[in-house]
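Asks: model this:
(4 chains)
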There are 2 protein chains.
Amino acid sequence: MARRTAYHHGDLRKALVDTGLSMLEELGLEELSLRKIAARVGVSHAAPEHHFPSLRHLLNALAVEGFGSFRQSMLSHMQAQPKLPADQMRAALRGYLAFATEKPHLFRLMFNRNRLDWQDPALCEAGEAAHAVLEEISLPVARRMGLDTPEGRASVEQLVWSQIHGHAHLLIDGKLPPEVATGCKPFAAPLDLASVLLPD
Amino acid sequence: MARRTAYHHGDLRKALVDTGLSMLEELGLEELSLRKIAARVGVSHAAPEHHFPSLRHLLNALAVEGFGSFRQSMLSHMQAQPKLPADQMRAALRGYLAFATEKPHLFRLMFNRNRLDWQDPALCEAGEAAHAVLEEISLPVARRMGLDTPEGRASVEQLVWSQIHGHAHLLIDGKLPPEVATGCKPFAAPLDLASVLLPD
DNA sequence: ATTCTCATCTTGGCGGTGACAAGATTGAGC
DNA sequence: GCTCAATCTTGTCACCGCCAAGATGAGAAT
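Replies: Predicted coordinates:
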């Protein structure tokens, strides 16, 4: 697999994805180009084409990686918290925000309908795996709220997802004062959705 | 002002903005180009340059128009509803969603930090005018919730804005089932934030 | 009325981009 | 050792935003 010579790179696909991820955060989506990535990797401008037939394919691969890290960010925050519904929800949402603020350009790409191809099964799978975390934290909350029906679960999940997704977007677009890391409490503001839905 | 000849267009600036707005929804932001707009308007590829020194300036002008329509969408929905806090909030949020679903590409542009120049006073003013509507609907809700302090008002507004902003983004990115127009009740789902914050 | 001035628009050209075509290189299977 | 297919290179195309230089003509100055 690792047959690297002056001519053959060895593992160009991985190199393109890794370099693409770091250049995405460095330059932003609009300034990112296949040719710049190829240049930094040290191959010719047409070399990526064999691995990614079009720019869209490479962006898809970046988004797949992104959804993996995204899911991990939520899960690792949850692991450090008590296994109570409200705490788990707060932790997951903090992981959501942490990822968005650490990789804002990647986060935006992952939800950019115009630049990604959601027909791609790999992207669908990665996206659904991340989505499953939201379902997981919404279920016990819906149960506590007495909304333990399919519609009830869906509405709680939709409300929670909307709120945190909007919060993330507004944050990285500079519309809200920057987040402060406040340990357990996920919001500097006195109001957070978990507390509103599940008052003690 | 309207000195139109074969050589001089007459009101090229307005024509570029109007054509730009319709081509934006038609083609999407990534496929929109100054040269395509100029071609449709019927001028040479460099004609826009005098009115908009760069593409960024034109996009700014489109966003300014967008924030105007956005504000109007919220206000007109509010006007058709009883002047009660929860009703006014539901109406404004429905206007928020209506704009986003009717002009998804414009909506995305208006919150695209990379493509706009928020140093532009015209854009700031238009954005703040739209934002003021959110403050207006959040104030009475915060009051009813017993959060009538600057921090309390800010947190209610932030929670409401995040929720509806995320809902709008998820909708136009195809992550939620499409909205149905349901008259007064703003959500098909049984849960909406106004009802959660202000239970009867 | 004639001339002048300058905003407006045109043509031409630059470097950069994604995509495509054709040819060079090389590892792996026979 | 030969062949072959995967991989990478060079070259080219149309399109893009932006810049420079020149053409046009409306309104002010005379």
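Asks: near DNA strand D, which residues of chain A?
Replies: A:7-10, A:12, A:43-47, A:49-51 (Cβ under 7 Å from any atom of the strand). In this view, the C-beta of every residue, glycine as well, is placed from N, C-alpha and C.
Asks: for those residues, could you give me TSV that also reports distance to A:Ala130 and neighbour count?
Replies: TSV is the format used below for those (distance: Cβ to Cβ, whole Å; neighbours: other Cβ atoms under 10 Å in any protein chain shown):
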residue	distance to A:Ala130	neighbour count
A:Tyr7	39	7
A:His8	35	11
A:His9	31	19
A:Gly10	31	11
A:Leu12	27	19
A:Val43	31	17
A:Ser44	35	10
A:His45	33	13
A:Ala46	33	10
A:Ala47	31	16
A:Glu49	29	13
A:His50	29	9
A:His51	24	17
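Asks: break chain A into its domains for me.
Replies: For chain A, the structural domains run A:1-53, A:64-197, going by automatic domain parsing.
Asks: what mean pLDDT does the shortest one have?
Replies: Mean pLDDT, domain A:1-53: 89.
Asks: and that domain with chain B, contact?
Replies: Yes: using Cβ under 8 Å from any Cβ of the partner chain, domain A:1-53 reaches chain B at A:28-30.
Asks: tell me the one of the residues of chain A next to DNA strand D nearest B:Cys124?
Replies: A:His45 (39.9 Å; Cβ to Cβ).
Asks: secondary structure element for that closest one?
Replies: For A:His45, there is no host helix or strand (DSSP states H and E).
Asks: distance check, A:Asn112 against A:Asn60.
Replies: 11 Å (Cβ to Cβ, to the nearest Å).
Asks: how many residues are close by A:Pro82?
Replies: 10 (other Cβ atoms under 10 Å in any protein chain shown).
Asks: just give the nearest non-adjacent residue to it, would you?
Replies: A:Gln88 (7.9 Å; Cβ to Cβ, 6 or more residues apart in numbering or on different chains).
Asks: run through who's touching the helix or strand that contains that neighbour.
Replies: Using DSSP H and E, A:Gln88 sits in helix A:85-102. Helix A:85-102 has contacts (Cβ atoms under 8 Å, 6 or more residues apart in numbering or on different chains) with A:69-70, A:73-78, A:80-82, A:107, A:133-134, A:137-138, A:140-141, A:143-144, A:160, A:164-165, A:167-169, A:171-172, A:178-179, A:184-186, A:192-195, A:198.
Asks: check these for burial and list the buried ones.
Replies: A:69-70, A:73-74, A:77-78, A:81, A:107, A:133-134, A:137-138, A:140-141, A:160, A:164-165, A:167-169, A:171-172, A:179, A:186, A:192-195 (16 or more other Cβ atoms under 10 Å in any protein chain shown).
Asks: still on that earlier bit, flag every buried residue along the helix holding A:Gln88.
Replies: A:85-100.
Asks: tell me the span between the first and last residue of stretch A:105-118.
Replies: 18 Å (Cα to Cα, to the nearest Å).
Asks: can stretch A:65-76 be found next to chain B?
Replies: No: contact of stretch A:65-76 with chain B (Cβ under 8 Å from any Cβ) is absent, the minimum separation being 12.7 Å.
Asks: about what we covered before: pull the CA atoms of the helix holding A:Gln88 into PDB?
Replies: Taking C-alpha atoms only, helix A:85-102 is exported to PDB below (Å, rounded to 0.1, in the frame of the first residue of the first chain):
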ATOM      1  CA  PRO A  85     -31.200  13.100  31.300                       C
ATOM      2  CA  ALA A  86     -30.600  16.800  31.800                       C
ATOM      3  CA  ASP A  87     -26.900  16.400  32.400                       C
ATOM      4  CA  GLN A  88     -26.400  14.200  29.400                       C
ATOM      5  CA  MET A  89     -28.300  16.600  27.200                       C
ATOM      6  CA  ARG A  90     -26.300  19.600  28.500                       C
ATOM      7  CA  ALA A  91     -23.100  17.700  27.900                       C
ATOM      8  CA  ALA A  92     -23.900  16.700  24.400                       C
ATOM      9  CA  LEU A  93     -25.000  20.200  23.500                       C
ATOM     10  CA  ARG A  94     -21.700  21.500  24.900                       C
ATOM     11  CA  GLY A  95     -19.900  19.000  22.700                       C
ATOM     12  CA  TYR A  96     -22.000  20.300  19.700                       C
ATOM     13  CA  LEU A  97     -20.900  23.900  20.400                       C
ATOM     14  CA  ALA A  98     -17.300  22.900  21.100                       C
ATOM     15  CA  PHE A  99     -16.900  21.200  17.700                       C
ATOM     16  CA  ALA A 100     -18.600  24.100  15.900                       C
ATOM     17  CA  THR A 101     -16.400  26.700  17.500                       C
ATOM     18  CA  GLU A 102     -13.200  24.700  17.100                       C
END
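Asks: pull the distance from that helix to the chain's centre.
Replies: 12 Å (Cα atoms, centre = their mean, to the nearest Å).
Asks: which SSE is immediately downstream of that helix?
Replies: helix A:104-110.
Asks: is that next one anywhere near DNA strand C?
Replies: No: figure legend: helix A:104-110 not in contact with DNA strand C (Cβ under 7 Å from any atom of the strand); closest approach 13.6 Å.
Asks: what angle do the following helix or strand past that helix and helix A:85-102 make?
Replies: For helix A:104-110, the succeeding helix or strand toward the C-terminus, using DSSP H and E, is helix A:121-144. Relative orientation of helix A:121-144 versus helix A:85-102 (axes from the mean of the first three to the mean of the last three Cα atoms, to 10 degrees): 150 degrees.
Asks: show residues contacting helix A:121-144.
Replies: A:60-61, A:63-64, A:67-68, A:70-71, A:74-75, A:78, A:85-86, A:88-89, A:92, A:110, A:116-118, A:148, A:152-153, A:156-157, A:160-161, A:194, A:197-198.
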